[in-house]
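Visitor: Return a 3D structure for these sequence lines:
(4 chains)
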Protein chains: 4
Amino acid sequence: MSEARRAQGLNAESVREWGQRYSNWGRFGKDDERGALNFITPECVLVACGLPRRGAVISCALPFDQKGPQTGFAGRHNPVHVMLADGGDALAGAQDFIPGGFRYADDAIYMPLQCGTQWDALAHVFYDGKMWNDRGIELVTSSGARANSIDKIKDGVVGRGVLLDVPRHQGVRWLENGTPILPEDLDACAEAEGVAVESGDIVLVRTGMLTRCLEEKSWAGYCGGPAPGLSIHCARWLYEREVAAVATDTWGVEVLPNETPDCFQPLHMISLRNTGVLFGEIFQLDALAEACAADGNYAFLFAAPPLPITGAVGSPVNPLAIK
Amino acid sequence: MSEARRAQGLNAESVREWGQRYSNWGRFGKDDERGALNFITPECVLVACGLPRRGAVISCALPFDQKGPQTGFAGRHNPVHVMLADGGDALAGAQDFIPGGFRYADDAIYMPLQCGTQWDALAHVFYDGKMWNDRGIELVTSSGARANSIDKIKDGVVGRGVLLDVPRHQGVRWLENGTPILPEDLDACAEAEGVAVESGDIVLVRTGMLTRCLEEKSWAGYCGGPAPGLSIHCARWLYEREVAAVATDTWGVEVLPNETPDCFQPLHMISLRNTGVLFGEIFQLDALAEACAADGNYAFLFAAPPLPITGAVGSPVNPLAIK
Amino acid sequence: MSEARRAQGLNAESVREWGQRYSNWGRFGKDDERGALNFITPECVLVACGLPRRGAVISCALPFDQKGPQTGFAGRHNPVHVMLADGGDALAGAQDFIPGGFRYADDAIYMPLQCGTQWDALAHVFYDGKMWNDRGIELVTSSGARANSIDKIKDGVVGRGVLLDVPRHQGVRWLENGTPILPEDLDACAEAEGVAVESGDIVLVRTGMLTRCLEEKSWAGYCGGPAPGLSIHCARWLYEREVAAVATDTWGVEVLPNETPDCFQPLHMISLRNTGVLFGEIFQLDALAEACAADGNYAFLFAAPPLPITGAVGSPVNPLAIK
Amino acid sequence: MSEARRAQGLNAESVREWGQRYSNWGRFGKDDERGALNFITPECVLVACGLPRRGAVISCALPFDQKGPQTGFAGRHNPVHVMLADGGDALAGAQDFIPGGFRYADDAIYMPLQCGTQWDALAHVFYDGKMWNDRGIELVTSSGARANSIDKIKDGVVGRGVLLDVPRHQGVRWLENGTPILPEDLDACAEAEGVAVESGDIVLVRTGMLTRCLEEKSWAGYCGGPAPGLSIHCARWLYEREVAAVATDTWGVEVLPNETPDCFQPLHMISLRNTGVLFGEIFQLDALAEACAADGNYAFLFAAPPLPITGAVGSPVNPLAIK
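Guide: Residues are numbered from 1 along each chain as shown, chains lettered A, B, ... in the order given. Below is the predicted model of the structure:
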């Protein structure tokens, strides 16, 4: 990666400037809590429903289990799944009180909502005391978020999905850690794929990082470490194209180390907080990438409903592409 | 409800007989773990994608929070949502180590997978030591289910959804507790709605019970108590029509008390275990019912992906109807 | 209870005044995080060890399970105990990989640390931005308490315990809800029991409220509702007698409704925050009361070690009286 | 470690034989669930109370936090501590509804009961379908243990503690992994320390392994890996001396790899299941070892009460030595 392609001279102050420049605060009403998802109009949904040609449904979720990517960064851990009732109980006679031979299994989960394939809520990041649409961060306390929480978008996320398979386009298996993906990279990839990103699109950017981790059987560095990802310059691109949501196969969407040495995750600060774009992380895009390459069709119906957990700042999700 | 309409003389033995009669074991291969979802062919998916006319997306999930329906039955409880980082931390300076002003919130959940709007996995119920497709229950232990678990259907559940709004059809606000819904009730309702249930359909049966609980602001009896629901006679109906999945706005799909005094949840035992039908419970169907009544269209594209929790016997879900 | 005995004219301002008057801030050094436990000198421990005459050990803990007292107040719930491995797994053959026939059971718990028999840490309550020993509340965030946390007293709590069995002394089975226990009540009770409260004592005050709840098989109102308990006037008594810790068989030590209509839990605000007294709650004192009544001896060796959970603001505890 | 000292020719069959030979089943009544703790008579307790000379209290617990020893072995993980209310909430105004300025912090924990300093319950291990005192393992299911659970010993564990500081006696900082500690090692150590192990004693055996892990800042191999520990030959020693409980600073008390190549944790199988000895693991004995070395006194009052978690097969504990 040549230094020339990196963001030059950008810093925390630029982030604040760009936040103002690419802001959608107030655009959807002062009480809006759905952000750029508003770009997905009913017409967009209908157009998306018209895309499938094969009737294939492809999950973009990583399995939720102890083999997940978390290794302790930021206090997150992989899901802990426990059984509350099971076949062993039935064998032990512990369910013999249920008449007629009926036996059952139940289970429970303890998981950070950000531990696997996930949507960040608009209440997930903030700075200078404010989050999306000029809401104060004092609304996000131990009781949860009283604004911009994930349950506010329970009727989403459905629309046209577009996969931008950057490594395939560039002829590599995966992008190197630290590689920023620039707007021109996205445009070139889209053009080669024969799609154009439009207002209300849900853009899935594949970097191949997850592919590599699975192949190497190691999540070392996946969470919070150096990673390929969107450049801060994509802030304008996301804003101008009116992208509704963006998701990647990485931990944090953005290139790491960040291009702003004095500012962590600047694209979150601009595009999630000010532009209102929904961010998706740890998406498993390999099967979808294979399918798109096979039929040459990179646009599809996409349905990725978050769980409406009241006051939550994120949600695990099983995103489905329907081709 | 006249006694004459109730199942007469059916018992645990009948359940076993009907289980054999309406069995799909082996039909989709001896290793199948997807059951009746196999009826949703690519053609079914394409047909379903062609249904939407308005571009409206409607969630069928109850909020996941402490106001949920659980009151302790079977050891289940409502979701416990906790914050791992929040705006208060930012105010307290606890995140000042993050450069550039970036601040964030994170959270976690502890929840039984059967506590709210949910799909039962095919590993959820069993008898006589066997579950779906002749798999032994010794495969379901404290480590989870090694067969028929919810992650095996991660590429689902997408297809044509049909809402059968029984109380609206019968001119009542909700069915009384203990009311069995018979096949002829379903057929009459469908006919009045102008739909016909077909192979691969996902059938949503509204009883109004959840509507009543919300209106009365009380979940007393909702979980495990007397309830309206499908009669055991629906077992044949589900089998013959090749229904892929059935979901209701009740705790357990079936009428309670069960029609078989000596056997608990007989329809689960027949239709889930032997026919392989996916069961959905605690679906919030009120908004969808309103929308269907408004446009007179009771068939729609339906996407309700379970979280692929490895080895789980169920999953919370945010089911989306797209009209 | 005559109104004349109630605190007259005390309010939030009085609480702040008394907090200053009965403050031990700085008394044990500016970095102290153990508070009044410092009054338990090695001599106190040796004296306590000399008390037992019978060699009897009596637990003062309520069982930790779903039958506990929590009914949702303040977001607390009873412990959720789950099995990670069990005998059913062994029967199912799930542990057959372990050589030589060795089989085992494992388990886990999810519990609020304040849900049952518990010590409050000195970081548990605060006002005006400060907690014990002039520490700022910004030290208590989602990452836990960086000062005054429960692990700072891991070498406690061991010393002389004194049971003040107020209802037995007053000839009633339990005190009525709303009954304030005044210093003179404590003194009269102690005198009748033949003990004198001394510097470093751990004082257990029985009100009988828990006895009543168990007898009535109902926890209604136990958590946060009207209760007998220590009057705000005990603040001076706790301070002057240099009591190390005080515990009751109630939810919150103090009388409820509080004697200060404009101020919640004023005794916590004075005695825990300023005097540094450790507060214990939901202690099950019935067996101990029986034992003390039987031998007429109300002073004993007392060992009630909190779990040293790093940064925690409380801990479940199994307090033991050794007579 | 010379092979000559290792157990020769012992196997799973020997384990079953020794289990019968050193069995206490029935000795304390057919319904007993306290095992060898019955050896701690009231006289033992009184003798123990007479031991302290200095009034010092020393915790033998490792902190319960994310820095604990678990690295995933057997599905166990370190404690997850979360805040339910905190100082940040107070700063955000989220507690302003509480009158008089009262503010507070609450917290919760999710932890495997075997993740840190812990007592194994008598329901923790079993073979051939039986656990302590001829109870069937079908009593240990997803609902917990209906016999031999940790809550049955809630009035313990208090008695005379004896520290056997093996590495100090042998002039090394810690024993090498794989070193079996033989009865003669224990006897030589005790003799050098001037103590004799007696009926009802709680024996703490220090190996130094935990000291090494802390010094090396690595838990690699601590859980389930090669370790110093008690030889299977200690089974007879524990039985004949009527030891009530034994605890070490290792993960599993026993030497690893086990001396019986075809049998895992044979000492658990004999001494816990048949002799009924309580096993304690992951005890932090360094501070106690220092104190004992300083005053030359290796016997002390010991109080280590488990939490009475109903049906649990273990409990975290903060064991206190009082000297």
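Visitor: For A:Ala245, list each beta-bridge partner.
Guide: Counting by DSSP bridges, A:Ala245 is bridged to A:Ile202, A:Leu278.
Visitor: Now do the helices in the stretch 201-323 of chain A.
Guide: If DSSP state H, counting those that start in this stretch is used as the criterion, the helices of the stretch 201-323 of chain A fall at A:209-216, A:234-240, A:266-267, A:286-295.
Visitor: Need the winner for burial among the ones you listed.
Guide: Burial of these is given as mean neighbour count (mean count of other CB atoms under 10 Å in any protein chain shown); helix A:266-267 ranks first at a mean of 29. Quick note: C-beta positions are derived from backbone N, CA and C, even for glycine.
Visitor: if we look at that helix, which residues are touching it?
Guide: Residues lying outside helix A:266-267 but in contact with it, judged by CB atoms under 8 Å, 6 or more residues apart in numbering or on different chains, are A:10, A:12, A:14-15, A:230-232, A:234-235, A:253-254, A:258-260, B:100, B:102.
Visitor: Quick one: mean pLDDT over it.
Guide: When pLDDT is averaged along helix A:266-267, the result is 98.
Visitor: Out of the helices of the stretch 201-323 of chain A, which gets nearest to D:Ala304?
Guide: With respect to D:Ala304, and counting by CB to CB, the nearest of the helices of the stretch 201-323 of chain A is helix A:209-216 at 43.6 Å.
Visitor: So which other helices or strands are in contact with that closest one?
Guide: Under the contact definition 3 or more CB pairs under 8 Å, 6 or more residues apart in numbering or on different chains; DSSP states H and E, helix A:209-216 sits against helix A:286-295.
Visitor: Chain B contacts on the stretch 151-300 of chain A?
Guide: Along the stretch 151-300 of chain A, the residues adjacent to chain B under the rule CB under 8 Å from any CB of the partner chain are A:151, A:154-156, A:158, A:260, A:262-266, A:268-269.
Visitor: Can I get the buried part of those as one PyMOL selection?
Guide: PyMOL command restricting these to the buried ones, with burial defined by 16 or more other CB atoms under 10 Å in any protein chain shown:
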select buried, chain A and resi 151+154+155+156+158+260+263+264+265+266+268+269
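Visitor: For A:Ala294, state which of the residues of the stretch 151-300 of chain A next to chain B is nearest.
Guide: Proximity of those to A:Ala294 (CB to CB) peaks at A:Val158, which lies at 23.8 Å.
Visitor: Of the residues of the stretch 151-300 of chain A next to chain B, which is the nearest to D:Asp65?
Guide: For these, the residue nearest D:Asp65 by CB to CB is A:Phe264; the value is 25.2 Å.
Visitor: Please tell me how far the residue nearest to that closest one when sequence neighbours are not counted sits from C:Phe283.
Guide: Spatial nearest neighbour of A:Phe264, excluding adjacent residues (CB to CB, 6 or more residues apart in numbering or on different chains): B:Phe102 at 4.2 Å. Remark: distance between B:Phe102 and C:Phe283 (CB to CB, to the nearest Å) = 45 Å.
Visitor: A:Gln20 now?
Guide: Here the distance between A:Gln20 and C:Phe283 works out to 57 Å (CB to CB).
Visitor: who's more crowded, those two?
Guide: Each of A:Gln20 and C:Phe283 has its neighbours counted (other CB atoms under 10 Å in any protein chain shown); C:Phe283 has more, 26 against 10.
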